[in-house]
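Visitor: This is a predicted model, with the sequence first.
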Amino acid sequence: MTSMTGTAARMMSGFGNTSLGRAFGSILGKVAGGFLVLLLLTAIFAPWITPFDYAAQNLMNGNQPPGWPHLLGTDQFGRDVLSRVIYGARTSLSVSATAIAISITVGMTLGAAAGYFGGLFERCVMTVVDLTWSFPDILIALIFVAIIGPGLTSTTFAIAIAYLAQFTRLTRAQIVRLKRETFIEATINLGAKPHHILLRHLLPNAIAPVIVVGMLAIGDGIVLEATLGFFGLGAQPPTPSWGAMMSSGTAQLFLSPWVIIFPGVVVAVTVIMVNLFGDELIRALDIRDRIRGA
Amino acid sequence: MLLRYVFFRVLMLIPVSISISVVIFAIVHLLPGDPVDNLLRVGSSPADRAALVAKYGLDQPLVVQYVRWVLAMFQGDFGEAIVLRRPVADLIRDNLPYSLRLGAAAFAFSSIVGIALGTVSATTRNAVVEQFVRGFILLGSTVPGFWLALLLILAFAVQLQWFPVSGAKGWDALVLPVLTIGFGGVALVARVTRVALMDARREDFVTLLHAKGLPANTILFRHLMPHAMLPVVTILALRIGWILGGAVTVEFVFGRPGLGSLLIRALGQRDYPVVQGCLLMLALAVMLGTLIGDVAQAAMDPRVREAKT
Amino acid sequence: MTVLSVRNLQVAFGAVAPLSGVSFDVAKGETLGIVGESGSGKSLTAMAVMGLLPLAGGRITAGSITFDGQELTTLTEKAYRRLRGGRIGLITQNPMTSLDPLQCIGPQVDAVAVLHLGMTAREARARTVEILGTLRIPDPATICDRYPHQMSGGMKQRIVIAMALAADPDVLVADEPTTALDVTVQAQIIRLLDDLVKSRDLALILITHDMSVVAQTCDRVVVMYAGRAVEQGPVGDIFDAPQHPYTQALIGCIPRGLDDGARLTGIAGTVPTVLNYPPGCPFHPRCDRAEEVCASIVPELEPNATGAVACHLPGVAP
């Protein structure tokens, strides 16, 4: 018993010493982090916690205002808004997280290669990156989706492409900065192989800011996914997504505004919490300057 | 000195414009399928097809097509819209003024209110004011634009009926769209102003300004603000293209004509000459924005002026 | 005639007190050196005299600063502003970053005369050109239209000095004015300051970590360690017969040429930071003379024949 509590305590204190643990340290960090964990659990366990079938239509029961038993009301087809919002979390979170994961992977590879090898390759990569960087993310995503065609897969890739420039720039900036540091110069002078230096020394040191910016970008990705969904270019019916819900709700804006208001509130609150938690992470990792320098 | 800088900076636009035009040209030609099919309407006859091929010189090598395309644009010929059957240049000319009006109003609104809010939050010793501004900044940079637009319509157009729900007739139709774009813009500008002012206050030379006995207001407006404005001007200039392009959502929700809604419609109808034209205009705006930003930067900072020439 | 005197000055930043019990006087035509390692509280003393502690988040918790018979610690910010730059000038450490990089030199110097002497812009510019000339800056009229980044460090420091002199002050506080400069330029700036003290009858408070600068220019010296004045007195006496072991160690650090074969000595140990000031005499952990009493009781600054020393076991080195 005592040893178990001891182990638990050690694990807790171990967690408290990690940067993630430190981000949870402040009140803001606890609130934001707690919300995100809760949202994640809700998305994972959606089938068990939704009060109704998200796709069940009941035209007799359409456009019901919030109340009992439909806590957040129903849409024009009589579908339960709460259940659809809960299932929408699955779509939004998975699309955004997958997109950002792709974006980070490709962006880090491009950025690290550009920063490490320099030369013409770096010039070409950075010209394209700076070009996309100066265009609004929604435009880049829109053009991509319009070319490939609507749907969740193209939405995922559109988001990945919209934020590619950000991660390429950030990684390159980190690598260029690190390359000037003494310990890397020493490793190079000792004759280490390029891939060894890149994988063992440069990337591990460059990864923290990229992860944090990635975390913040998941928030932006959720907004972008919602916007594409709102344009009818994202999730196709009957897949529930926050953006698509609001899109179908516009027709009924004056009749049943709750169909639009609640998904929007959830998007806004989620993104705010992601930002708050990201800020706490930045503070815990003490990397504000490295992010701003890029 | 400044003129020299501007000259070299404009020269640098040439390679940028070439790469942008190549990318935009490529969008149509890299599309899956035959570009002719992309340019044809459904139900066209083989004769239409042959006419189109001949008209656009699509049987020529790509390089020739590109050069022709660019040369035509210099003569104001952006091609012809497939669906709307009008010259793209005319469509742009009809829509551009709406975008410019919206963009200019939103730009002015975000810069004036944003700089004011940022300054207040960086200089006030009142914790409540500071927290309020910080909360606003957080809200403004996270709330989805289209949702905000819908809420504004619900509140001010439907409930209070102060402003029209949609359209672009009269100045009152501009208020809600400007507020929507401005909300995010104000938050961004306020955040940059706030951080820049607090950074400027930590500069070494500020100690000496105080040691000279200058009043706090003189230090703020004569010395700190010019410094803080350097990053703010950069962001604002970048924002010029951003506002025109990002107005897509707002124009869509409010049913306003403009470059953004023209682009959205053209994308939906796969009307590629129009898409190309719109993208070119937006790219031009982005380029002009960065140019203005860099020149303003150089006008304000003697170090930049000399570094680049 | 004493123009500025500091008595038992204590400074706090929140709960930490990086400065306690500093006292000194400075008279017109006199140079007072304040010497110590970094972190000893020299610069804080300068900021306190300038009334600029609130900028850094600090405040004066006890003691007094009187200037020309006027108590400064209770002065309103508005009244203090009239003294700053007007009757007390400041020269800061790093000329590279001391000037506003976005403004020409001229207006930055002019502002002082406009503010404190009520001059018009034209009169102030004429005065600026004149002062720049007396500081041996070549072609002062053109310099006024130059930007800070176009000038060398030594030039910039002269501009900073010109700014401090523009309103004809009584007291000049120079906080490590030569630390950031090349050695040859250092000597020029020190000589310039020395001349100014004599020609303008200035009271100069020269803050430095360099004992040889003190030996060259100062009339009297305050030695500081860990936020306290440990010894003070006329320069001659301090150098000939230093009473405090720390002063002796500092003097031991000055290179004296090669003839006497003496070894250059360093001081063992490290300077305590504000957060870990030792109990008792702050120097006792590094002092080879230390006894039990040194570790428990803080020695008071006791006057002796010509100055004062804060040590339980004062005396010239054996």
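Guide: Here it is on my side, so go on.

Visitor: which outside residues touch the host helix or strand of B:S19?
Guide: Here B:S19 sits within helix B:13-29, counting by DSSP states H and E. Helix B:13-29 is contacted by residues A:127-128, A:131, A:143, A:147, B:35, B:38-39, B:62, B:65-66, B:69-70, B:272, B:275-276, B:279-280, B:283, B:287, B:291 when judged by Cβ atoms under 8 Å, 6 or more residues apart in numbering or on different chains. For glycine as for every other residue, the C-beta is placed from the backbone atoms N, C-alpha and C.

Visitor: buried subset of the residues you listed?
Guide: A:128, A:131, A:143, A:147, B:35, B:38-39, B:65-66, B:69, B:272, B:275-276, B:279-280, B:283, B:287, B:291 (16 or more other Cβ atoms under 10 Å in any protein chain shown).

Visitor: Of the residues you listed, which belong to strands?
Guide: Among these, DSSP state E puts none in strands.

Visitor: So which of those residues are in helices?
Guide: Here DSSP state H is the test, and the buried ones among the contacts of helix B:13-29 give A:128, A:131, A:143, A:147, B:35, B:38-39, B:65-66, B:69, B:272, B:275-276, B:279-280, B:283, B:287, B:291 as lying in helices.

Visitor: quick one: the closest residue to chain A within the stretch 151-300 of chain B from A:P136, how far?
Guide: Residue nearest to chain A within the stretch 151-300 of chain B (Cβ to the nearest Cβ): B:L267, separated by 3.7 Å. Using Cβ to Cβ, to the nearest Å, B:L267 is found at 14 Å from A:P136.

Visitor: and what of B:L236?
Guide: 15 Å.

Visitor: And C:A308, by the same measure?
Guide: 70 Å.

Visitor: Mind jotting down where the helices sit in the stretch 101-250 of chain A?
Guide: A:119-133, A:137-148, A:152-162, A:164-179, A:182-189, A:194-196, A:203-230, A:242-250 (DSSP state H, counting those that start in this stretch).

Visitor: So for B:I219, which of those sits nearest?
Guide: Proximity to B:I219 (Cβ to Cβ) singles out helix A:164-179 among those, at 32.6 Å.

Visitor: and that closest one, anywhere near chain B?
Guide: No: counting by Cβ under 8 Å from any Cβ of the partner chain, chain B is not contacted by helix A:164-179; separation bottoms out at 13.1 Å.

Visitor: mean confidence score for that helix?
Guide: The average of the pLDDT scores along helix A:164-179 is 85.

Visitor: Also stretch C:287-298?
Guide: pLDDT averaged over stretch C:287-298 gives 84.

Visitor: and if you look at stretch A:240-251?
Guide: Here the average pLDDT along stretch A:240-251 is 77.

Visitor: Contacts for that stretch, please.
Guide: A:54-55, A:75-76, A:81, A:84-85, A:87-89, A:91-92, A:95, A:152, A:222, A:225-232, A:234-237, A:256-257, A:259-260, A:263-264, A:266-267, B:146-147, B:150, B:253.

Visitor: For ChimeraX, write the select line for the buried members of these.
Guide: Only the buried entries of the contacts of stretch A:240-251 go into this ChimeraX selection, using 16+ other Cβ under 10 Å:
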select /A:54,75,76,81,84,85,87,88,89,91,92,95,152,222,225,226,227,228,229,230,231,234,235,256,257,259,260,263,264,266,267 /B:146,147,150,253
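
Visitor: hmm, back to that, contacts with chain C among the buried ones among the contacts of helix B:13-29, please.
Guide: Of the buried ones among the contacts of helix B:13-29, not one also sits near chain C (Cβ under 8 Å from any Cβ).

Visitor: So what touches stretch A:138-154?
Guide: A:91, A:95, A:132, A:155, A:157-159, A:161-162, A:224, A:227-228, A:231-236, A:239, A:241, B:27, B:31, B:245-246, B:248-249, B:263-264, B:267-268, B:270, B:275, B:279, B:282.

Visitor: CA atoms only for that stretch - export them in CSV, please.
Guide: The C-alpha trace of stretch A:138-154 is given here as CSV (Å, rounded to 0.1, in the frame of the first residue of the first chain):
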residue,chain,number,x,y,z
ILE,A,138,-8.1,29.8,-46.3
LEU,A,139,-7.2,30.8,-49.9
ILE,A,140,-4.5,28.1,-50.2
ALA,A,141,-6.9,25.5,-48.8
LEU,A,142,-9.8,26.6,-51.0
ILE,A,143,-7.7,26.4,-54.2
PHE,A,144,-6.4,23.0,-53.3
VAL,A,145,-9.9,21.6,-52.4
ALA,A,146,-11.4,23.2,-55.5
ILE,A,147,-8.8,21.4,-57.7
ILE,A,148,-8.9,18.0,-56.0
GLY,A,149,-12.6,18.0,-55.2
PRO,A,150,-14.5,18.3,-51.9
GLY,A,151,-14.3,15.7,-49.1
LEU,A,152,-12.6,15.0,-45.8
THR,A,153,-9.4,13.6,-47.4
SER,A,154,-8.8,16.7,-49.6
